[in-house]
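Participant: below is the sequence, then the predicted model.
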Amino acid sequence: RSRAVTMPDDISTLLGLLLLLCGTNASNSLTFPTPPLPFFQRKALKAELLRLAQTSPPGSGSFTSDADAARFERIFLSELPALNPTPDPARSPLFSGEWECAWTNESELNAAVRSGLPGRPWRRTYQAIDIPGRRLDNYIEFEREGQLSVGSSIEPDAGGDGSRFTFQFTEAAVQWGALKIKLPPVGRGWGDLLYLDEEIRLQRDVRGDLLLAVRVGK
C-alpha cells in the first residue's frame, strides 16, 4: 500500500520563494533574471579598451597601428560615454578611491614615465581621490624609493551635467631615496568624466588630454 510523502514546511516554503523569485514559464522550467543588454555592451567595450591600452608602449600615449588608435578613440570618446551608468559622475561616491593610470596621452606625465629618475626607472602612476574631503593626490612611483607627488584640492563643478570637476595644485615634491625636495605647486584646471563605474574611469581635461584609469582592488 503506497503512502504519500510530505515535504517539511520549511523546505516547501523555501522552494516556493525560489520559484517566486525566479519565475516559471509555461513548461514549468525555471527562468532567471537576465542583465540588460547595456551591461554586456559595457563589459565587452571595457575589455577591448583595456586590451588596446596594453598595446601602447608605456609613456608613449600612442599606438603602433592607426586602426588601433582610431578604435581606441572611438570607444573612449563615443561608445562607452554613451553607455555611462553613473549620473552626475563628478559628484558620485564612485569617483573617490585609488586609481591606477592604465593609459594617458598627457605629455608631461609620459615624459616622466619614459625618463624616470636618475638610476630609478618608472614603476607605476596612480591617484588617490577623496571627493568628500576635497582632496586629489597624484603619484608617479619609481624604483628604489623614488617618487614624484603632486597634491591638489578637487571639487565637483556646481553647474552643468555633473561630469565636470575643478582642481588646484597645493603642494608638490620629488623623492630620490632618502632625499626629498619640495617643489612649487603651479597650476589649476578642470576635467570631465566621460565614463565612470566601479572598475574604470574615462577622463578628458582642459587641454584635451585623455586618461584611462582602473580602480585599484577591482
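Facilitator: Everything's here; your move.
Participant: going by C-alpha atoms from here, please, whenever you check contacts or count neighbours.
Facilitator: Will do.
Participant: what's around residue 180, how many residues?
Facilitator: For residue 180, the neighbour count with other CA atoms under 10 Å is 13.
Participant: start at 128, not 1
Facilitator: Taking 128 as the first residue, the last one we looked at is residue 307.
Participant: contacting residues around it?
Facilitator: Counting by CA atoms under 8 Å, 6 or more residues apart in numbering, residue 307 makes contact with 300-301.
Participant: surely it forms part of a helix?
Facilitator: No: the assignment for residue 307, made by DSSP: H, G, I helix; E, B strand; the rest coil, is strand rather than a helix.
Participant: from residue 275, how far off is it?
Facilitator: From residue 307 over to residue 275 the distance is 10 Å, taken as CA to CA, to the nearest Å.
Participant: which strands and helices sit next to the longest helix anywhere in the chain?
Facilitator: In the chain, with assignment by DSSP state H, the single longest helix is helix 164-181. Judged by 3 or more CA pairs under 8 Å, 6 or more residues apart in numbering; DSSP states H and E, helix 164-181 is in contact with helix 193-201, strand 224-231.
Participant: any residues in contact with both of residue 307 and residue 275?
Facilitator: With CA under 8 Å, 6+ apart as the test, residue 307 and residue 275 both reach 300-301.
Participant: just so I have it, where are all the helices in the protein?
Facilitator: Going by DSSP H, the chain shows helices at 136-149, 164-181, 193-201, 234-242.
Participant: quick one: the third one to helix 164-181, angle?
Facilitator: If I follow you right, that is helix 193-201. 130 degrees (axes from the mean of the first three to the mean of the last three CA atoms, to 10 degrees).
Participant: helices or strands next to helix 193-201 in the packing?
Facilitator: Helices and strands touching helix 193-201, by 3+ CA pairs under 8 Å, 6+ apart, are helix 164-181.
Participant: residues of the helix it packs on that come out buried?
Facilitator: For helix 164-181, burial by neighbour count (16 or more other CA atoms under 10 Å) applies to 169, 172-173, 176-177, 179-180.
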